[in-house]
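A.B. asks: Sequence and predicted structure, then a few things I'm wondering about:
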Amino acid sequence: MSFSVWMSLVVICILGAMSPGPSLVVVAKNCLGGNWKNGVVTAWAHALGVGMYALASVLGLAIVLQHNPFIFKIIAYLGAGYLFWIGFNAVQSKGGVVAKLSAGKQSTLFESARDGAMISMLNPKLALFFLALFSQFVVASNASESRAVVVATPVLIDGLWYTAVSFMLTRPAVLDAIKDRAVLVDRLTGIVLMALAVRVIYTM
């Protein structure tokens, strides 16, 4: 995999991690309901769940690509359609999800880890997202080492982003800044996702 292709993956994963959604709500709730440790534990448990979907997607797409390129193209087109749909919804978003952040009751580290893992592993949209996202990167990563990079990249970015969020949320002024920019982050992510969907269609 070339550096430019990897950087494309990095940018998409960063924007995906930054996009306000249920995962942010859970990380913030556990962080604010406990302390930064609760947030960090939630972050990396969530990242491991993301890694499971990423690995399953890469392995599945690699097998389909090897044995039936036509089905692979169908998956890619469906994935592009899904990416465009969630991108469109993100552009239309009003950032209301951030308003749901609340301190809640004191969370234990075990509860934080459980919440982080469950919010990712029980989210079927993650599977669809990775199937759509990885459809173009599997083609560009024939070697097993490259596919390992494709899987590791979203795990590290997801874990590091929510770890940073956990530390930032110990400062009240930062929470207000996130609320103020929630709409901008949503819309920027939506535009990028729709552009990626168009790119997938034109490169298949």
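C.D. replies: That came through, no problem.
A.B. asks: now stretch 17-30: how far from the chain's centre is it?
C.D. replies: Taking the mean of its C-alpha atoms, stretch 17-30 sits 11 Å from the chain's own mean (C-alpha atoms, centre = their mean, to the nearest Å).
A.B. asks: Do you have the helices of this structure handy? List them.
C.D. replies: Secondary structure of the chain by DSSP state H: the helices cover 3-18, 22-33, 36-67, 69-92, 109-121, 124-139, 144-168, 172-203.
A.B. asks: would CSV of these with mean pLDDT be doable?
C.D. replies: Below are these laid out as CSV (pLDDT from 0 to 100):
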stretch, mean pLDDT
helix 3-18, 83
helix 22-33, 75
helix 36-67, 82
helix 69-92, 77
helix 109-121, 86
helix 124-139, 69
helix 144-168, 88
helix 172-203, 74
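A.B. asks: highest average neighbour count across the ones you listed?
C.D. replies: Mean neighbour count (mean count of other C-beta atoms under 10 Å) peaks for helix 22-33 among those, with a mean of 23. In short, each C-beta sits where N, CA and C put it, glycine included.
A.B. asks: Let me see the contact set for the closest residue to residue 86 other than its chain neighbours.
C.D. replies: Here the nearest residue to residue 86 in space, its sequence neighbours aside, is residue 193; by C-beta to C-beta, 6 or more residues apart in numbering that works out to 6.1 Å. Contacts of residue 193 were listed using C-beta atoms under 8 Å, 6 or more residues apart in numbering, and they are 12, 15, 83, 84, 86, 87, 90.
A.B. asks: how much space between residue 193 and residue 169?
C.D. replies: Computed with C-beta to C-beta, to the nearest Å, the distance linking residue 193 and residue 169 is 26 Å.
A.B. asks: rewinding a little: possible to save the contacts of residue 193 as a markdown table with distance to residue 70?
C.D. replies: What follows is those, written out as a markdown table (distance: C-beta to C-beta, whole Å):
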| residue | distance to residue 70 |
| --- | --- |
| 12 | 26 |
| 15 | 31 |
| 83 | 20 |
| 84 | 22 |
| 86 | 25 |
| 87 | 26 |
| 90 | 31 |
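A.B. asks: Residue 49 reaches residue 113, doesn't it?
C.D. replies: No. With contact defined as C-beta atoms under 8 Å, residue 49 and residue 113 do not form a contacting pair (10.6 Å).
A.B. asks: Need the residues that contact stretch 111-123.
C.D. replies: When contacts are defined by C-beta under 8 Å, 6+ apart, stretch 111-123 is touched by residues 22-23, 26-27, 29-30, 34, 38-39, 41-50, 52-53, 107, 126.
A.B. asks: go again using 6 Å as the cut-off
C.D. replies: The set of residues external to stretch 111-123 that reach it, using C-beta atoms under 6 Å, 6 or more residues apart in numbering, is 22, 23, 26, 30, 38, 41, 42, 45, 46, 49, 50.
A.B. asks: For residue 48, see how far away the nearest residue to residue 52 once chain neighbours are set aside is.
C.D. replies: When the adjacent residues along the chain are set aside, residue 52 lies closest to residue 121, with 6.4 Å between them (C-beta to C-beta, 6+ apart). Distance from residue 121 to residue 48, counting by C-beta to C-beta: 9 Å.
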